[in-house]
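1. sharing a sequence plus its predicted fold:
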Amino acid sequence: MEKAEKFISEHKLGAIDVNMDNLVELFHSEMMKGLKGEKSSLRMIPTYIEAENEFMKETPVVAIDAGGTNFRAALVKFTSRGKLEIDQVVSGSMPGLDREVSKKEFFDVMSGHISQMAEKAERIGFCFSYPTEIFPDKDGRLLQFCKEVQAPEVIGQIIGKSLLEALGTPEKKIVLLNDTVATLLAGKSASFTKSYDSYIGYILGTGTNTCYIESNSNILKNPELDKDKSMIINVESGNFGKAPRTDLDIAFDNTTMNPGDYTFEKMFSGGYFGGLCLFVLKAASKDGLFSGPASGKLNNIIELSAEEANRYVSGAGSDDNILLKCFIAEEDRKISSFIIDSLISRTARLVAANLAAVVLKTGKGTRPERPVLITIEGTTFYKLHKLKERFESCFYEYLDGDRKRYVEFTEVEQSSLIGAALAGLTD
């Protein structure tokens, strides 16, 4: 274990190597630059959704959740007391998965799913979780699809307008948003019984992102905004470029499809964590930390998922777990588990710094009776071995003393669908 500790220390892969003060300051600085329109790794994208406004009640809205490979929709209404009512739920696959489709077919398939419920609502909230440029009218232009969806004619199109045209109802109001914004709004919907000072949405799943509510007077890159209002800002925090990357982080990044992009995300998100663990374990093998048989088997492993790495380090791995088959000797298992566990501890501090910086940027949560509500979604956050507990320890330790802030956390089922409904019900 002494060799393992030395390896982690030499490569600066431990939680102790994350200077919270410095990282929070750097994150805050990048946020400020992004809001000014200066060069920054944080894009700070305006959503034009004013989350602090009251949303309509007793008004039906079509809520759509489209992202990755799945399409879901429902007719949603909030009662006068804020109770959520969901009706006519439909689900299916995104068009363009099994073959390439035209723009017409793409929107016709989606409009077919919602045509009946759209007859009962004049508003549509559309959680569209693909890279999209959002406009002041809350519609947006698709920038690109993930590789699963084959609909090249749709790229560059105005999404909401095209869907309304396919429905034959161009007069309906439609609001486009992403899943992180929907997460924030879903948290707000569950907060009727308590008064909160502000709201933050955070996702740590395959990727990671953060959003929060910002005063328009601070969004200096959009001087035409009403200075007396506020809106949700999509931070695009996965692209944060000032985190303390090590030699192994950089080398691993160079093996990915887009080196230099979303480097923060590549340090801990579910889409990369397994690959990072495998890369670091192989580096440890080169340094002679494992036995000959273990090193031989490890070098033959081409791919490792975050789920497999997590099951292994948590002791929940079954006999077919690729790492269990690799590390047979007890000493090999101790060292490999220690390395993966160290990466999880580091993750806790990186996530804590991210969210602490955003909480401090809001200037809210200074009174215990009005905390900031952070809604968190994503299997990586909730399932990665002891991550949640370690994160909370780092987070609360940092936001104490002179930096004391009052914060609560929540998780909301069907957050993307509920958030989409709220967006459609907010003027």
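-> Perfect, I can see it now.

2. now do the contacts for Phe252.
-> By C-beta atoms under 8 Å, 6 or more residues apart in numbering, the contact list for Phe252 reads 266, 272, 275-276, 279-280. Just so you know, the C-beta spots here come from the backbone N, C-alpha and C atoms, and that holds for glycine as well.

3. can you put the residues you listed in TSV and add pLDDT?
-> Shown next, in TSV, are the contacts of Phe252 (pLDDT from 0 to 100):
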residue	pLDDT
Lys266	97
Tyr272	96
Gly275	97
Leu276	98
Phe279	98
Val280	98
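
4. out of those, which sit inside helices?
-> Per DSSP state H, helices hold the following members of the contacts of Phe252: 272, 275-276, 279-280.

5. from Arg403, how far out is Met20?
-> 10 Å (C-beta to C-beta, to the nearest Å).

6. of these two, give the one with the bigger neighbour count.
-> Counted by other C-beta atoms under 10 Å, Met20 and Arg403 do not tie: Met20 has more neighbours, with 18 against 12.

7. right, and that one touches Tyr398 too?
-> Yes: judged on C-beta atoms under 8 Å, Met20 makes contact with Tyr398 at a distance of 5.3 Å.

8. what sits in contact with each of those two?
-> Between them, Met20 and Tyr398 share the contacting residues 352-353, 356, judged by C-beta under 8 Å, 6+ apart.

9. just those residues now: which is nearest Phe55?
-> Ala356 (28.6 Å; C-beta to C-beta).

10. tell me which element the closest one falls in.
-> Assigned by DSSP states H and E, Ala356 belongs to helix 330-362.

11. ranges for the helices of this protein?
-> Using DSSP H, helices in the chain cover 2-10, 20-36, 103-118, 159-167, 179-189, 247-253, 270-286, 292-299, 306-314, 322-326, 330-362, 379-383, 387-398, 415-424.

12. now do the second one, average pLDDT.
-> Confidence over helix 20-36 (mean pLDDT, whole number) is 98.

13. so for Glu85, which of the helices of the chain sits nearest?
-> Closest approach to Glu85 among the helices of the chain is made by helix 415-424 (10.0 Å; C-beta to C-beta).

14. report the distance from that closest one to the chain centre.
-> 16 Å (C-alpha atoms, centre = their mean, to the nearest Å).

15. export the contacts of Phe252 as a markdown table, with columns for neighbour count and distance to Ala423.
-> Shown next, in a markdown table, are these (neighbours: other C-beta atoms under 10 Å; distance: C-beta to C-beta, whole Å):
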| residue | neighbour count | distance to Ala423 |
| --- | --- | --- |
| Lys266 | 26 | 30 |
| Tyr272 | 21 | 29 |
| Gly275 | 18 | 34 |
| Leu276 | 26 | 34 |
| Phe279 | 18 | 39 |
| Val280 | 24 | 40 |
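
16. need the residues you listed in CSV with distance to His385, can you?
-> Converted to CSV, those look like this (distance: C-beta to C-beta, whole Å):
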residue, distance to His385
Lys266, 19
Tyr272, 16
Gly275, 17
Leu276, 15
Phe279, 19
Val280, 16
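
17. what touches both of Met20 and Arg403?
-> Applying C-beta under 8 Å, 6+ apart, one finds that Met20 and Arg403 are jointly contacted by Ala356.

18. quick check: Ala152 vs Ser162, distance?
-> You called it Ala, but residue 152 is Pro. 14 Å.

19. please read the previous query as pertaining to Thr256.
-> 32 Å.

20. go on, Gly241?
-> Distance from Gly241 to Ser162, by C-beta to C-beta: 34 Å.
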